[in-house]
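Peer 1: A predicted structure for the sequence below; I have some questions about it.
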Amino acid sequence: MLALCVGLAGRAAAQAGSSVSVDATVVTVGMTIATLRDLNFGTVIKGVPTTILPTAVNAGEWQVSGSGNAFVIVSFTLPTQLTNIQALPGSTMPIAFTAASAIWRRATNNPVGGAVFNPAIGVVGRLGPPANPTMYVWVGGTVAPAVTAKPGIYKGNVIVSLVYQ
Amino acid sequence: MMRTLAIAVTLALGTASLAAQGVMVAPHAVFIDHRVRSGSVLLYNPGTEPVEVAISTIFGYPTTDSTGRIMLDTLMRDSTASALGWVQAFPRRLTVGPRERQTVRLLARPPAGLPDGEYWLRLVIAAQAGRVPITGVADTTAIQVGLTLEVRTIIGVNYRKGPVNTGVTLSQVTAQIVGDSLITRSKLERRGNAAFIGMIRETLVDSTGAVHAQRVGDSVVTTFASPIGVYVAMQPRLASAIPQPGLPRGRYWLRYEVVAEREDLDPTVVLKAPAVRDSVRLVVP
């Protein structure tokens, strides 16, 4: 741990009046975004839409940790189609997200009671207090396999981006 | 600083206990001086599996939309403050092993004759770990669906050449009680040749001067504080909740101030600037 701290240290020049010149990178607390769980629909039935709520145990989940009480801009890049990785190219399945497909919550790893938001729009979330500077984000969605959908594994990516101000 | 870094590492290790997959990025804001022309970002993998990381750069800075929502605008029409074309990050792709750390170097090659001032870009650290939870289908007629979650940490890189200064003007402060929430808006415009990095503080007082608490998430605070980065201009909308049983009928004042202070950044990189303040009246009928 000490080695890590030393590695992070930087140099800085003094401040003067309303102007300042720094001498190098200066470091503070880091930020971690960790995927706790992928979004897993499991086995679905042809012709039957399947929805996973953000409160479900198989919803996707991220944990953000960093500076206490910090605000972060949360945005998503969402797929509209999933690809069958075992079939010929072009075998896809639609996936949709609603205005209530995502939840964020400060400091508490439980989506029930969290703030619902539209992942297509994003949200400004806030980390917990210094004693527990974490934030959790959950996402669900709906897949609609066609009656003619080919068997196999359908795969896609959900990208969450966090911007620190 | 050592204490805060120790906390960061402790947090990262705590994350590992949840079998999480991701990387810790430190710092969350990089400041590069023209005389040095380089910087670095440390990546630490607190997990038990290797994490593949891709590094890229974009130009953009925080702004607000018509509703006051803070967002990162990456389609700026005016790119004269962009450092995107001459700051590069190395390596672009790397794998961070379990409990390992690696450094991403930032190297600047500014154009000759670059005017004094501050130039910006954003560093995008994309991390993907683990696998799609489905690795095979025993029943060849079955359909299985899984989505991999990728994370991108986007941090600011501010390149400073020569004397830099900043400031902010405050106008159009509004406040209203909507349900159990206190909603505020204001117009902030940057001054000087560098971004204003600071905080907005809001305090609600009654006609006797007594401070009334606000609730933010699970916390009750006497002053609501929000970090803010004013790169050009913005009109942020902030919301806090009034704890139950709510405000008694009467007149209140919202004290609104914007200060060049940030607890999460080294004070030496936060440019000094005069605080700006305003107050607006609220009436609870």
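Peer 2: Everything's here; your move. Residues are numbered from 1 along each chain as shown, chains lettered A, B, ... in the order given.
Peer 1: Tell me how many other residues surround residue A:66.
Peer 2: Neighbour count of residue A:66, defined by other CB atoms under 10 Å in any protein chain shown: 27. Where C-beta positions appear, they are placed from N, C-alpha and C, glycine not excepted.
Peer 1: I meant residue B:47, not that one.
Peer 2: There are 26 residues near residue B:47, going by other CB under 10 Å.
Peer 1: Repeat that for residue B:259.
Peer 2: Residues near residue B:259, counting by other CB under 10 Å, number 18.
Peer 1: Provide the partner residues of it in its beta bridges.
Peer 2: Residues in a beta bridge with residue B:259, per DSSP bridges, are residue B:199.
Peer 1: so who does it touch?
Peer 2: Residue B:259 sits next to B:198, B:199, B:201, B:275 when contact means CB atoms under 8 Å, 6 or more residues apart in numbering or on different chains.
Peer 1: Output those as TSV; include the columns distance to residue B:100 and neighbour count.
Peer 2: What follows is these, written out as TSV (distance: CB to CB, whole Å; neighbours: other CB atoms under 10 Å in any protein chain shown):
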residue	distance to residue B:100	neighbour count
B:198	35	26
B:199	35	19
B:201	40	17
B:275	43	14
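Peer 1: how about low-confidence regions in the stretch 51-200 of chain B?
Peer 2: For the stretch 51-200 of chain B, applying pLDDT under 70 flags the ranges B:76-77, B:129-140.
Peer 1: Name the residue of it with the shortest distance to chain A.
Peer 2: Nearest residue of the stretch 51-200 of chain B to chain A: residue B:145, at 3.7 Å (CB to the nearest CB).
Peer 1: helix or strand for that residue, which one?
Peer 2: Here residue B:145 sits within strand B:143-161, counting by DSSP states H and E.
Peer 1: Using PDB, write down the CA coordinates of that strand.
Peer 2: Extracted C-alpha coordinates of strand B:143-161, given in PDB (Å, rounded to 0.1, in the frame of the first residue of the first chain):
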ATOM      1  CA  ILE B 143     -31.800 -19.300 -26.600                       C
ATOM      2  CA  GLN B 144     -29.700 -17.700 -23.900                       C
ATOM      3  CA  VAL B 145     -29.100 -14.000 -23.500                       C
ATOM      4  CA  GLY B 146     -26.400 -12.200 -21.500                       C
ATOM      5  CA  LEU B 147     -24.900  -8.700 -21.600                       C
ATOM      6  CA  THR B 148     -21.500  -7.800 -20.600                       C
ATOM      7  CA  LEU B 149     -21.100  -4.600 -18.700                       C
ATOM      8  CA  GLU B 150     -18.200  -2.300 -19.600                       C
ATOM      9  CA  VAL B 151     -17.100   0.600 -17.600                       C
ATOM     10  CA  ARG B 152     -15.600   3.900 -18.700                       C
ATOM     11  CA  THR B 153     -14.100   6.400 -16.400                       C
ATOM     12  CA  ILE B 154     -13.800   9.800 -17.900                       C
ATOM     13  CA  ILE B 155     -11.500  12.200 -16.200                       C
ATOM     14  CA  GLY B 156     -10.400  15.700 -17.000                       C
ATOM     15  CA  VAL B 157      -6.900  16.700 -18.200                       C
ATOM     16  CA  ASN B 158      -6.100  20.400 -17.800                       C
ATOM     17  CA  TYR B 159      -2.900  21.600 -19.500                       C
ATOM     18  CA  ARG B 160      -1.700  25.000 -18.200                       C
ATOM     19  CA  LYS B 161       0.700  27.300 -20.000                       C
END
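Peer 1: I'd guessed the residue of the stretch 51-200 of chain B closest to chain A sits against residue A:44; true?
Peer 2: Yes. Taking contacts as CB atoms under 8 Å, residue B:145 lies within contact range of residue A:44: 5.5 Å.
Peer 1: if you count what's nearby, which of those two comes out ahead?
Peer 2: When neighbours are counted by other CB under 10 Å, residue B:145 and residue A:44 differ, and residue B:145 comes out ahead with 26 against 19.
Peer 1: list the contacts for that one?
Peer 2: Residues in contact with residue B:145 (CB under 8 Å, 6+ apart) are A:40-42, A:44, A:50, A:82, A:93, A:143, A:145, A:153-155, B:134.
Peer 1: So in terms of bridging, what pairs with it?
Peer 2: Beta-bridge partners recorded for residue B:145 (DSSP bridges): residue A:42, residue A:154.
Peer 1: How about residue B:74: what's its closest non-neighbour residue?
Peer 2: Spatially, and ignoring its direct neighbours in sequence, residue B:74 is nearest to residue B:60 (3.5 Å; CB to CB, 6 or more residues apart in numbering or on different chains).
Peer 1: How many residues are close by the nearest residue to residue A:83 once chain neighbours are set aside?
Peer 2: Leaving aside its sequence neighbours, residue A:83 sits nearest to residue A:92 (CB to CB, 6+ apart; 5.6 Å). With neighbours defined by other CB under 10 Å, the count for residue A:92 comes to 18.
Peer 1: same check, this time on residue B:38
Peer 2: Count around residue B:38 with other CB under 10 Å applied: 13.
Peer 1: any idea how far the closest residue to it other than its chain neighbours lies from residue B:39?
Peer 2: Spatial nearest neighbour of residue B:38, chain neighbours left out: residue B:107 (5.4 Å); criterion: CB to CB, 6+ apart. Distance, residue B:107 to residue B:39, using CB to CB, to the nearest Å: 8 Å.
Peer 1: neighbour count winner among the two?
Peer 2: Using other CB under 10 Å as the criterion, residue B:107 and residue B:39 rank with residue B:39 on top: 26 against 14.
Peer 1: my read: the more buried one touches residue B:156, true?
Peer 2: No. Using CB under 8 Å, residue B:39 is not in contact with residue B:156; the gap is 11.5 Å.
Peer 1: which residues are common contacts for these two?
Peer 2: Contacts common to residue B:39 and residue B:156, judged by CB under 8 Å, 6+ apart, are residue B:30.
Peer 1: and residue 114, how many neighbours?
Peer 2: Defaulting to chain A. Residue A:114, neighbours per other CB under 10 Å, totals 22.
Peer 1: look at chain B instead
Peer 2: Burial of residue B:114 is recorded as 15 neighbouring residues (other CB under 10 Å).
Peer 1: which SS state does it fall under?
Peer 2: With DSSP: H, G, I helix; E, B strand; the rest coil as the basis, residue B:114 sits in coil.
Peer 1: for it, what are its contacts?
Peer 2: B:34, B:161.
Peer 1: Residues in a beta bridge with residue B:255, which ones?
Peer 2: Beta-bridge pairing for residue B:255 (DSSP bridges): residue B:203, residue B:279.
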